[in-house]
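# give me the fold of what follows.
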Amino acid sequence: MANKTVISVNGAEPHNLYPAFVIASSSAALGDEVIMWFTPRAGPALLKWEFPKIKGVGMPDLIEMATDCKNLGVKFYLCGAASDIIGCEADELWEGVELMGSTEFVAEAQPATLSLSF
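Residues are numbered from 1 along each chain as shown. The predicted structure follows:
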């Protein structure tokens, strides 16, 4: 049975996003099941028109990192309350992002072998 990595992303700034995507891709490359859960403060990063604007000085392209994660099977979830808080509809999020309530997230996270928060 594969290990499970759960990553909570708590902000839409590069210092929140880059480490989360590095760990997600590394865990997925090792064969782990990986879930990234974005809280309301991180929600804006999942908007189709905002994500391409996020840049880290001297860092790799975040869109490529996210695409690599997706190709490795990483699952992306946005806190269900976030869509109301940031005022977005599901079709405004990147492809493959699903809404997940906090109770469902906790249930998914409980068997994780590694849990991180950025």
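# okay, now the unreliable bits of the protein?
Scanning the chain for pLDDT under 70 picks out 1.
# now do the strands in it.
4-9, 33-38, 75-79, 98-100, 114-117 (DSSP state E).
# now the ones you listed as a markdown table including distance to residue 69 and mean neighbour count?
C-beta coordinates here come from the backbone N, C-alpha and C atoms, glycine included. Putting the strands of the chain into a markdown table (distance: least, CB to CB, whole Å; neighbours: other CB atoms under 10 Å) gives the following:
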| stretch | distance to residue 69 | mean neighbour count |
| --- | --- | --- |
| strand 4-9 | 10 | 22 |
| strand 33-38 | 7 | 24 |
| strand 75-79 | 8 | 22 |
| strand 98-100 | 15 | 15 |
| strand 114-117 | 14 | 14 |
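# of the ones you listed, which is nearest residue 20?
strand 4-9 (4.8 Å; CB to CB).
# any idea how far that closest one is from the chain center?
Relative to the centre of its chain, strand 4-9 is centred 8 Å away, using CA atoms, centre = their mean, to the nearest Å.
# likewise stretch 98-110?
With CA atoms, centre = their mean, you get 13 Å for stretch 98-110.
# ok, and what's touching it?
6, 35, 37, 75-83, 90, 115 (CB atoms under 8 Å, 6 or more residues apart in numbering).
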